[in-house]
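>>> Here is the input, now give the coordinates:
(one chain, ligands or ions: 2)
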Amino acid sequence: MINQRILQHFQESAQLKLQAAEQLAEPISQAVEIMFTALSNGNKILACGNGGSAADCQHFAAELVGRFERERLPLPALALTTDTSILTAVGNDYGFRDVYAKQVQAFGQSGDVLLALSTSGNSANVVAAIEAAVERDMRIIALTGKGGGVMGELMSDADVHICVPHDRTARIQEVHALTIHILCDGIDVALFGGDAND
Ligand SMILES: O=C(CO)[C@@H](O)[C@H](O)[C@H](O)[C@H](O)COP(=O)(O)O
Ligand SMILES: [Zn+2]
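Residues are numbered from 1 along each chain as shown. Ligands and ions are numbered 1, 2, ... in the order given. Below is the predicted model:
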């Protein structure tokens with residue numbers, strides 16, 4: 001019984017990844033281009049999301065500031081999910097909806113990128129961060145699922161929407177995690193050419 005469930009998880013996850021590859025290759029490639037251009041111009045990437053997606057933001061920032069697979073200069077990426085004093089002060093004084101938007105207003109500059117993660121596309125604080133980023137003249141890269149929700153409706157032609165074609169949060173997060181590694185690889189390839197395994 002448990003073995004059957006384990007097998008089902010692996011199969012569902014693997015099948016979704018193969019299916020998503022066809023649909024998401026193009027928006028992921030656009031996202032790499034936007035991120036690389038921003039970083040080349042001296043701009044930075046801010047990332048926000050809740051729960052598992054907050055962990056994804058930190059994972060992404062660690063790989064840019066530290067490294068992914070190649071030795072290179074640190075790249076400026078900041079997870080807006082980590083400063084408990086800011087999160088609790090803004091959450092307590094203004095409301096949880098504002099915990100990321102206030103940080104976008106504080107740190108975001110024209111030409112920066114907001115990486116916004118939400119499996120439902122409906123997290124109010126991530127939606128508010130996107131609205132704040134648009135006001136700051138930032139580019140938006142949204143990682144969503146479940147049809148994209150409110151975030152999908154907010155996307156403009158200048159933004160990139162990577163919407164995982166599935167309704168299950170865990171499966172969507174698994175594709176988000178893979179996408180984050182592909183973005184890191186794409187940035188490294190744009191910097192150095194080829195790939196790390198050449
Ligand atoms: O990781 C998981 C579930 O797999 C949870 O922590 C999940 O991220 C949280 O419930 C989030 O609050 C969901 O928000 P969102 O993806 O809809 O924006
Ligand atoms: Zn999770």
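
>>> Y94 reaches K102, doesn't it?
Yes. Counting by C-beta atoms under 8 Å, Y94 does reach K102; the two are 7.0 Å apart. No exception for glycine: its C-beta is placed from N, CA and C like everyone else's.

>>> How many neighbouring residues does G147 have?
12 (other C-beta atoms under 10 Å).

>>> quick one: A14 and ligand 2, what's the gap?
Per C-beta to the ion, to the nearest Å, A14 is found 17 Å from ligand 2.

>>> For the chain, which strand extends over the most residues?
strand 139-145 (DSSP state E).

>>> Indicate each strand paired with it and its parallel or antiparallel sense.
In the sheet, strand 139-145 lines up against strand 113-117 (parallel), strand 160-164 (parallel) (DSSP bridges).

>>> if we compare these, which one ends up closest to F36?
Nearest to F36 among these is strand 113-117; the distance by C-beta to C-beta comes to 10.1 Å.

>>> Is that closest one in proximity to ligand 2?
No. Strand 113-117 lies apart from ligand 2 when judged by C-beta under 5 Å from the ion; the minimum separation is 11.5 Å.

>>> re the thing from before, tell me which of the strands paired with strand 139-145 is the most buried.
The highest mean neighbour count among the strands paired with strand 139-145, using mean count of other C-beta atoms under 10 Å, belongs to strand 113-117: a mean of 28.

>>> Next up, the contacts around the residue nearest the centre of the chain.
Central residue of the chain (C-alpha atoms, centre = their mean): L115, 4.1 Å from the mean position. Applying C-beta atoms under 8 Å, 6 or more residues apart in numbering to L115 gives the contacts I45, L46, A47, C48, C57, F60, I141, L143.

>>> anything in the longest strand of the chain near ligand 2?
No. Counting by C-beta under 5 Å from the ion, ligand 2 is not contacted by strand 139-145; separation bottoms out at 12.0 Å.

>>> Likewise for stretch 58-68?
No. Interface with ligand 2: stretch 58-68 contributes nothing (C-beta under 5 Å from the ion), its closest point being 12.4 Å away.

>>> picking that back up, out of the strands paired with strand 139-145, which comes closest to ligand 1?
strand 113-117 (7.0 Å; C-beta to the nearest ligand atom).

>>> Give me the distance between the closest one and the centre of its chain.
5 Å (C-alpha atoms, centre = their mean, to the nearest Å).

>>> Also stretch 108-124?
7 Å.

>>> Flag every buried residue along it.
108, 112-121, 123-124 (16 or more other C-beta atoms under 10 Å).

>>> Farthest pair within the residues you listed?
D112 and S120 (24.7 Å).

>>> after whatever helix or strand A89 lives in, next one along is what?
Using DSSP states H and E, A89 maps to helix 84-93. For helix 84-93, the following helix or strand on the C-terminal side (DSSP H and E) is helix 101-107.

>>> Alpha carbons of that following helix, as PDB, please.
What follows is helix 101-107 as a C-alpha-only set of coordinates in PDB (Å, rounded to 0.1, in the frame of the first residue of the first chain):
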ATOM      1  CA  ALA A 101       5.200  44.900  -0.900                       C
ATOM      2  CA  LYS A 102       6.900  47.100   1.700                       C
ATOM      3  CA  GLN A 103      10.200  45.400   1.000                       C
ATOM      4  CA  VAL A 104       9.700  45.800  -2.700                       C
ATOM      5  CA  GLN A 105       9.100  49.500  -2.100                       C
ATOM      6  CA  ALA A 106      12.200  49.700   0.100                       C
ATOM      7  CA  PHE A 107      14.600  47.700  -2.000                       C
END
